[in-house]
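Visitor: How does the following fold in three dimensions:
(one chain, ligands or ions: 1)
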Amino acid sequence: MSAPAIAATRGRYCPCCDRHLREGFLPGPDGRPDATCPRCKSLERHRFFAILLGALRPQLGRVGTLLDIAPAPQARARLLELEPRSYVRFDLRPGRGVDLRGDITLMPLRDRCVDLLVCYHVLEHIPDDQRAIAEIGRVIAADGLGILQVPWRPGTVTDEDPDAPEDERIRRFGLADHVRYYGDDFEDRLVAGGLDVTRVTPADYLGAEANAWMGMGQDQSVWLVRPAGAEVAPTKWTIPTASPLASTLDSLVAELAKARAERQEARRALRQATTAP
Ligand SMILES: [Zn+2]
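Guide: Presented below is the predicted three-dimensional model:
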């Protein structure tokens, strides 16, 4: 497959802060290009989260309790749009924007009380992740949904060692406070924690042009989870995938990118012609 036409142009759109960015995204924390929104600081994963939430919204209906574990400020605006009856931001450490403090392996919450649970980039920090996953499975309501993401390398087995020294953790797991890098068995761990699992990627929702326009990243996955065996109406939680509208958006973005590239080329030619001796 050829590179999306939009990749050669600068303009981008951030679905987290709903802004068109003439100069595109800034590099990411590790220097990767096309990653950080200059306005709201969203990264690829926050932008896919915004798109995912939009796609799931009709099925979510009226959200009762929303549990946001280690909340990311970049996701807040889109979560608030759901108008949950109760929005609980949960973290181990106190701080601004934390409503409830606690340990994810022993959450101070009743069984089945959470309608929507968000847990991004948390489990790779937790030595006993199986216990944390069981807690997630315990608190989600029978017809509730969890949206999870972890650093994940497909085609590998999870590499973990909570006791590894700091420099080794940085080398093997990416950050000093990570204790593992997940592989294909991540899904087995979720199932062992009592969850039904569906993995989704940006390509399930939008085409290559639209994904590049919103800087969603090539290789990210998100896991939609719900309590296994829960009695849920069969129409609920069918995963909405790329609609005809998505392919229309994709060709529109490609056309705009081509038109913009042609305009830039014409301007360059004009400049050359008018400055030629
Ligand atoms: Zn933004």
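
Visitor: can I get the CA coordinates of stretch 28-45 in PDB?
Guide: Taking C-alpha atoms only, stretch 28-45 is exported to PDB below (Å, rounded to 0.1, in the frame of the first residue of the first chain):
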ATOM      1  CA  GLY A  28       6.500  13.100  20.600                       C
ATOM      2  CA  PRO A  29       8.300  12.700  24.000                       C
ATOM      3  CA  ASP A  30      10.800  10.300  22.400                       C
ATOM      4  CA  GLY A  31      11.300  12.500  19.400                       C
ATOM      5  CA  ARG A  32       9.000  10.600  17.000                       C
ATOM      6  CA  PRO A  33       7.500  12.900  14.400                       C
ATOM      7  CA  ASP A  34       3.800  13.800  14.000                       C
ATOM      8  CA  ALA A  35       2.800  12.900  17.600                       C
ATOM      9  CA  THR A  36       1.900  15.800  19.900                       C
ATOM     10  CA  CYS A  37      -1.000  18.300  19.400                       C
ATOM     11  CA  PRO A  38       0.500  21.800  20.000                       C
ATOM     12  CA  ARG A  39      -2.800  22.900  21.500                       C
ATOM     13  CA  CYS A  40      -4.000  20.200  23.800                       C
ATOM     14  CA  LYS A  41      -0.800  18.000  24.000                       C
ATOM     15  CA  SER A  42      -2.800  14.900  22.900                       C
ATOM     16  CA  LEU A  43      -0.700  12.000  21.600                       C
ATOM     17  CA  GLU A  44      -1.700   9.300  19.000                       C
ATOM     18  CA  ARG A  45      -3.400   7.200  21.700                       C
END
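
Visitor: just the helices in the stretch 101-250 of the chain please.
Guide: Along the stretch 101-250 of the chain, the stretches classed as helices by DSSP state H, counting those that start in this stretch are 129-139, 166-173, 186-192, 208-213, 244-275.

Visitor: Can you check which of those gets nearest to the ion?
Guide: With CB to the ion as the criterion, the ion lies closest to helix 208-213 of the helices of the stretch 101-250 of the chain, at 13.1 Å. For the C-beta atoms, the positions are set from N, CA and C on the backbone; glycine is no exception.

Visitor: for that closest one, the distance to its chain's centre please.
Guide: Centroid separation for helix 208-213 versus its chain: 15 Å, with CA atoms, centre = their mean, to the nearest Å.

Visitor: same question, stretch 169-179
Guide: Distance of stretch 169-179 from its chain centroid, counting by CA atoms, centre = their mean, is 20 Å.

Visitor: contact partners of it?
Guide: Stretch 169-179 is touched from outside by 124-127, 151, 159-162, 164, 166, 180-181, with contacts defined as CB atoms under 8 Å, 6 or more residues apart in numbering.

Visitor: Could you single out the most deeply buried of the helices of the stretch 101-250 of the chain?
Guide: With neighbours defined as mean count of other CB atoms under 10 Å, the helices of the stretch 101-250 of the chain peak in mean count at helix 208-213, which reaches a mean of 24.
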